[in-house]
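Student: Need coordinates for the following:
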Amino acid sequence: MSAEQIQNDELLQILQALLPQEESGSSKPHTNVEKKPLKRNNGNKKDSKGIIYPYLSVGEKLAEKLLKELFDIDNLSAYKELVFWLEKTCWIMKNFEFPSFTTNGSGDRYAVHMIALIKYIRSNPYTAKSSGFIEFYKSQPESKDYPLVDRGVYYPNTIFGQLLNISNAKDEDVRFADMVHSVFPHGRKVLQWKQQNKVPPSVNQKIDLPMDRMKNWLLDFEESIYFDEHLELKGRKVKIYSYGLETQTLMFTFEYNRLAQLYGIEMVGLEIMKSYSFLMNNRESRNIMLENQIWMNGSDNDFDAIFRMTHMLTDKIGYTVLAEKFLGLERKLHSFLFRLHTDLRKKWLYDPMDYYFFIFSILLGIATLIQTVVAIISLRLQWLQSSN
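Tutor: Just a heads-up that it's a prediction; the model follows:
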């Protein structure tokens, strides 16, 4: 483990200790690295924002095997929130197969599928595709005890999306590399630079998009659970990736996700984490994050400490994979046409008389311009006739 990773691990442990605990009344920090057996019962867990999620337990050895296969991290016991992520993922996969929203049974079967998919992709990252994995898995000994879900290529696409926390699983036989780069197109360039032993260029500049300003521009906010949807603008709604104990760990450890490394997108988690610095650069913006349940619950002191620690973890990191997306959104929201549309929308909502007067003024101006052009053309024609 490098000195930088050790330092980052220590910072993350401090950050985890500041976060609200998973169970009320617990005084133990989340950074307890002592290895404890996983509970084998299923049910519901409450996350750091107070939201209850169902989950399926996974055997301790199987969970450890999966996480070691997926993450290039020596001390996985320091990241036990990844187990919670795994259990939730298994519940999602179970209800993908049986849409009855049940917590009965074990998550072991789905963990086995994920391990097999990771191995398949790592052995053939650039040509690996959905149908290829189905054929590969049929030849594996574990396929008899843990058969695949009978949903065709959509099932391996969904597993892959969960492993990288992206949302674009489709019922198509696709290469997994294309699936990644369809949502993170710059990852392809990053991968090319890495293959040439070059350092990918990054942008470490201030982005001017605080939450309060976007709200003043009449934009709405929606919590997202996928990396690729962070700061995605659809109509008048901006999606923002949720920040909590589990998601914070997922963002931080994404740098060591072996599948992300294969496709040049391993910095996505830290780049998203860095973006909270400009999203919440004032108290009003932070309150908006809390109101929309995008940020975890906690006291003001906890909030300030967590915000400062997050900033410390990402201050020297530039935007690489997501630079074009973030800067493009900033340009769009600061553009003349967007601001004009926003001003008109404000008038229409809060001062309709002023809005209709403005529209009438524009129409009158256009009519006057047309009348002037017609008059000039008429005079020109008369002059030509008189000349002849």
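
Student: going forward, measure contacts between C-alpha atoms and count neighbours the same way
Tutor: Will do.

Student: Report the backbone C-alpha coordinates of stretch 262-281 in PDB.
Tutor: Provided in PDB are the C-alpha atoms of stretch 262-281 (Å, rounded to 0.1, in the frame of the first residue of the first chain):
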ATOM      1  CA  LEU A 262     -10.000  -1.200 -16.600                       C
ATOM      2  CA  TYR A 263     -12.100   1.400 -18.300                       C
ATOM      3  CA  GLY A 264     -10.400   4.600 -17.200                       C
ATOM      4  CA  ILE A 265     -13.100   5.900 -14.900                       C
ATOM      5  CA  GLU A 266     -11.700   5.200 -11.400                       C
ATOM      6  CA  MET A 267     -11.500   8.900 -10.500                       C
ATOM      7  CA  VAL A 268     -15.300   9.400 -10.900                       C
ATOM      8  CA  GLY A 269     -16.000   8.800  -7.200                       C
ATOM      9  CA  LEU A 270     -13.500  11.400  -6.000                       C
ATOM     10  CA  GLU A 271     -14.500  13.900  -8.600                       C
ATOM     11  CA  ILE A 272     -18.200  13.600  -7.500                       C
ATOM     12  CA  MET A 273     -17.000  14.000  -3.900                       C
ATOM     13  CA  LYS A 274     -15.100  17.100  -4.900                       C
ATOM     14  CA  SER A 275     -18.100  18.600  -6.500                       C
ATOM     15  CA  TYR A 276     -19.900  19.000  -3.200                       C
ATOM     16  CA  SER A 277     -17.400  21.800  -2.400                       C
ATOM     17  CA  PHE A 278     -18.900  24.100  -5.100                       C
ATOM     18  CA  LEU A 279     -22.500  22.800  -4.600                       C
ATOM     19  CA  MET A 280     -22.500  23.700  -0.900                       C
ATOM     20  CA  ASN A 281     -20.200  26.700  -0.600                       C
END
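
Student: Could you give the average pLDDT over stretch 329-338?
Tutor: Mean per-residue pLDDT for stretch 329-338: 92.

Student: Next, the distance between the ends of it.
Tutor: Criterion CA to CA, to the nearest Å; first-to-last residue distance in stretch 329-338 is 11 Å.

Student: By neighbour count, which bits of the helix or strand where residue 303 lies are buried? Give me those.
Tutor: According to DSSP states H and E, residue 303 maps onto helix 300-314. Across helix 300-314, burial judged by 16 or more other CA atoms under 10 Å covers 303, 305, 306, 307, 309, 310, 311, 313, 314.

Student: Using a markdown table, lay out those residues together with distance to residue 125.
Tutor: Shown next, in a markdown table, are the buried residues of helix 300-314 (distance: CA to CA, whole Å):
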| residue | distance to residue 125 |
| --- | --- |
| 303 | 40 |
| 305 | 40 |
| 306 | 37 |
| 307 | 36 |
| 309 | 35 |
| 310 | 32 |
| 311 | 34 |
| 313 | 30 |
| 314 | 29 |
